[in-house]
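Visitor: for reference, the sequence and a predicted model appear below.
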Amino acid sequence: MKSIVSLLSAAALGAAVLLSPGVAHAAVNYVALGDSYASGVGTRTYIESSGSCQRSTKAYPYLDAARLGASLTFVACSGARVADVTNNQLSAVTSAANRITVQVGGNDAGFSSVITECAKPAWLGNCDTAINNAQATINNTIPGRLNGLYGSIRSRAASAKVIVVGYPRLFNGTDCNAGTFFSPAEMTRLNQTADLLNAKIKAAADAAGFSWVNPTSAFIGHAVCGSPEWINGLSNPVSESYHPNVAGQAAYANLVAPALQKS
């Protein structure tokens with residue numbers, strides 16, 4: 001009988017050790033940096049206090065923070081370029097941060113202006129020149145900007161897991177020409193430009209030792225006029241155009257979550 005009691009006592013002690021607060025997982029402190037793709041523009045519902053930054057509770061940082069039970073510092077802002085992240089968002093990154101996402105570069109490439117130019121009739125706009133200029137900026141200017149930003153992030157949060165998030169292709173191909181105002185050739189070049197931007201962002205992320213999330217494959221078949229559509233076409237207001245909608249942000253959340261969950 002004594003031996004049974006001893007065994008039960010030992011089992012109880014073991015259970016107490018397993019349940020000890022001392023072995024609980026560390027709190028997840030998540031900082032989300034970036035532009036309109038990270039803030040949630042395109043979802044049509046925004047946190048009032050975020051003002052022109054247009055942060056949404058439907059955006060992937062918000063969704064993933066809830067999924068992880070993380071404390072979220074959400075500073076991504078519509079229109080942000082790399083310099084804006086450095087000057088206006090980077091102060092949110094401290095040594096307490098152990099998860100960071102950053103998605104920026106599209107505005108540095110001038111994607112909004114390129115889309116506007118390419119949407120014009122051929123006789124009025126110069127899409128090829130706009131794309132050429134964007135690609136030159138992507139090749140020659142953006143890598144250095146990203147290297148500087150990523151170095152600053154690492155210096156502020158030396159042990160944080162940093163996930164760099166890329167951009168999807170906007171178009172499926174020729175099946176939606178009438179609804180997009182872009183020729184098949186223009187859509188192809190715009191998709192190629194998105195791929196080029198992703199390649200440069202990934203190279204900078206790799207050099208910094210950061211994780212990389214590429215949405216390209218997941219969004220194939222779900223671009224503008226896809227089924228289901230994850231990216232808005234021309235919308236009212238215009239600022240909602242060519243951004244992930246609620247379904248697109250949910251897809252982003254599913255892509256980013258595994259990287260956030262890894263220690």
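Guide: On my side now, so go ahead.

Visitor: in the stretch 151-263 of the chain, which spans are helices?
Guide: For the stretch 151-263 of the chain, the helices defined by DSSP state H, counting those that start in this stretch occupy 177-180, 184-208, 216-219, 246-261.

Visitor: of those, give the one that comes closest to Y62.
Guide: Ranking the helices of the stretch 151-263 of the chain by proximity to Y62 (CB to CB) places helix 246-261 first, at 8.6 Å. Every residue, glycine included, has its C-beta placed from N, CA and C.

Visitor: past the worst-scoring helix or strand of the chain on mean pLDDT, which element shows up next along the chain?
Guide: Lowest by mean pLDDT, DSSP states H and E among the helices and strands of the chain is helix 2-18, with a mean of 39. Where DSSP states H and E defines the elements, the next helix or strand beyond helix 2-18 is strand 29-34.

Visitor: hmm, who's touching that following strand?
Guide: Applying CB atoms under 8 Å, 6 or more residues apart in numbering, the contact partners of strand 29-34 are 38, 59, 61, 64-65, 68, 70-77, 80, 85, 89-90, 92-93, 96-104, 153, 157, 165, 260.

Visitor: sorry, back to before: right, so of the helices of the stretch 151-263 of the chain, which gets closest to T45?
Guide: helix 246-261 (8.1 Å).

Visitor: so what does that closest one touch, helix or strand wise?
Guide: In terms of contacts (3 or more CB pairs under 8 Å, 6 or more residues apart in numbering; DSSP states H and E), helix 246-261 is packed against helix 60-68, strand 99-103, strand 161-165, strand 211-213, helix 216-219.

Visitor: pick the most deeply packed of those.
Guide: strand 99-103 (a mean of 26; mean count of other CB atoms under 10 Å).

Visitor: quick one: strands adjacent to that strand?
Guide: Paired neighbours of strand 99-103 in the sheet (DSSP bridges): strand 29-34 (parallel), strand 161-165 (parallel).

Visitor: now render those strands as CSV, adding distance to S241.
Guide: Listed next are those as CSV, based on distance: least, CB to CB, whole Å:
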stretch, distance to S241
strand 29-34, 19
strand 161-165, 20
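
Visitor: can you tell which of those is closest to G226?
Guide: Comparing the strands paired with strand 99-103 by CB to CB, strand 161-165 comes nearest, at 19.9 Å.

Visitor: how far off helix 246-261 does the closest one point, in degrees?
Guide: Interaxial angle, strand 161-165 versus helix 246-261 (axes from the mean of the first three to the mean of the last three CA atoms, to 10 degrees): 150 degrees.

Visitor: send me strand 161-165 as PDB with only the CA atoms.
Guide: Written as PDB, here are the backbone C-alpha positions of strand 161-165 (Å, rounded to 0.1, in the frame of the first residue of the first chain):
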ATOM      1  CA  LYS A 161      12.400  36.500 -35.800                       C
ATOM      2  CA  VAL A 162      11.900  38.800 -38.800                       C
ATOM      3  CA  ILE A 163       9.600  37.800 -41.700                       C
ATOM      4  CA  VAL A 164       9.800  39.700 -45.000                       C
ATOM      5  CA  VAL A 165       6.600  39.500 -47.000                       C
END
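
Visitor: who touches that strand?
Guide: For strand 161-165, contacts defined as CB under 8 Å, 6+ apart pick out 34, 37-38, 60, 98-103, 150, 153-154, 201-202, 204-205, 208, 210-213, 215, 252, 256, 259-260, 262-263.

Visitor: what is the neighbour count of S36?
Guide: 27 (other CB atoms under 10 Å).
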